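Undergrad: This is the structure alone, sequence omitted:
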């Protein structure tokens, strides 16, 4: 695979420069206590449930952040918001693919943590890759198989259940792709496993959220926030595992709009199933708005003020 550039370009946007100035020296990313399988399953089951409701009808189903360059006008109907949300998620995958460079024909890819296989289908359909997609929650495996069958991609996409076993020597991939997956893993150990799975010269491509200042992380116990870690610590662990950084793209400003779309869509979804007097409906909608602010405003603020970073990282195993 050809990288975007041979050397890591410095981050040049004002937002990125502010992030560099603000970053706190991070402890090792192995320091936080590891999440239990139950923590990860609970989080991914919630993602899958919402993804199936929003996108689960003959489409690739995504459960991750998207990139938004322009928000729709106020009053945009719910179905259009849903399409824009889904389109923003595909934009993120397209940007990650751009950072990696063109996929080789017949390339072997390990897709880590796409929940319902949408990402695996993206790499297979848009980039002609042969994809092994690792499914964490056993009950999701049949969903993924069904989506793969409906897409006619059985020859290119192989769903497998995560077993927790060490990698076998025959598992050698041109690329490992992890979209919002590394924050649920003991990163140092996970990166060593990635190194073992990659062919010499193979790429690891990551899209994830990291803290720049730890106080920017909302006090929550869900798997996506509990161990965000910092880019600095992640890259230190990657170097220790034998993976060298090739591209680092800070897309925080483009990720902010995704959470605005998500908040608006929550309101539409509530209105679609709510009934009763206008006064009661108004109170319910206010409650939904308050909930979405609690869930999303801290994240939007952190991405805007440099306390958090949403990063695309491409690393290469030495030849």
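TA: Thanks, I have the structure now. Just so you know, these numbers come straight off a predicted model, no measurement behind them.
Undergrad: What ranges does the stretch 1-150 of the chain have for its helices?
TA: For the stretch 1-150 of the chain, applying DSSP state H, counting those that start in this stretch gives helices covering 14-22, 37-55, 78-100, 118-127, 141-150.
Undergrad: Comparing those helices, which yields the minimum mean pLDDT?
TA: Lowest mean pLDDT within those: helix 14-22, at a mean of 46.
Undergrad: strands paired with the longest strand anywhere in the chain, and their directions?
TA: Ranked by residue count, the top strand of the chain under DSSP state E comes out as strand 198-211. If you go by DSSP bridges, strand 198-211 pairs up with strand 173-179 (parallel), strand 308-317 (antiparallel).
Undergrad: In JSON lines: the ones you listed, plus mean neighbour count and mean pLDDT.
TA: No exception for glycine: its C-beta is placed from N, CA and C like everyone else's. As requested, these are arranged in JSON lines below (neighbours: other C-beta atoms under 10 Å; pLDDT from 0 to 100):
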{"stretch": "strand 173-179", "mean neighbour count": "25", "mean pLDDT": "95"}
{"stretch": "strand 308-317", "mean neighbour count": "24", "mean pLDDT": "96"}
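Undergrad: now those strands as a markdown table including distance to residue 256?
TA: Below are the strands paired with strand 198-211 laid out as a markdown table (distance: least, C-beta to C-beta, whole Å):
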| stretch | distance to residue 256 |
| --- | --- |
| strand 173-179 | 18 |
| strand 308-317 | 9 |
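Undergrad: For residue 146, which of those strands is the nearest?
TA: With C-beta to C-beta as the measure, strand 173-179 is the member of the strands paired with strand 198-211 nearest residue 146 (21.0 Å).
Undergrad: The closest one versus helix 118-127: what angle between them?
TA: 130 degrees (axes from the mean of the first three to the mean of the last three C-alpha atoms, to 10 degrees).
Undergrad: Could you check the angle strand 173-179 makes with helix 78-100?
TA: Interaxial angle, strand 173-179 versus helix 78-100 (the same axes, to 10 degrees): 140 degrees.
Undergrad: residues of stretch 79-90 that come out buried?
TA: By neighbour count with 16 or more other C-beta atoms under 10 Å, stretch 79-90 contains the buried residues 81, 82, 84, 85, 86, 88, 89, 90.
Undergrad: Serialize these to TSV and add fields for distance to residue 120.
TA: Formatted as TSV, the buried residues of stretch 79-90 follow (distance: C-beta to C-beta, whole Å):
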residue	distance to residue 120
81	25
82	22
84	23
85	20
86	16
88	19
89	14
90	14
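Undergrad: so which of the residues you listed comes closest to residue 128?
TA: So of those, ranked by how close each gets to residue 128 (C-beta to C-beta), first place is residue 90, at 16.6 Å.
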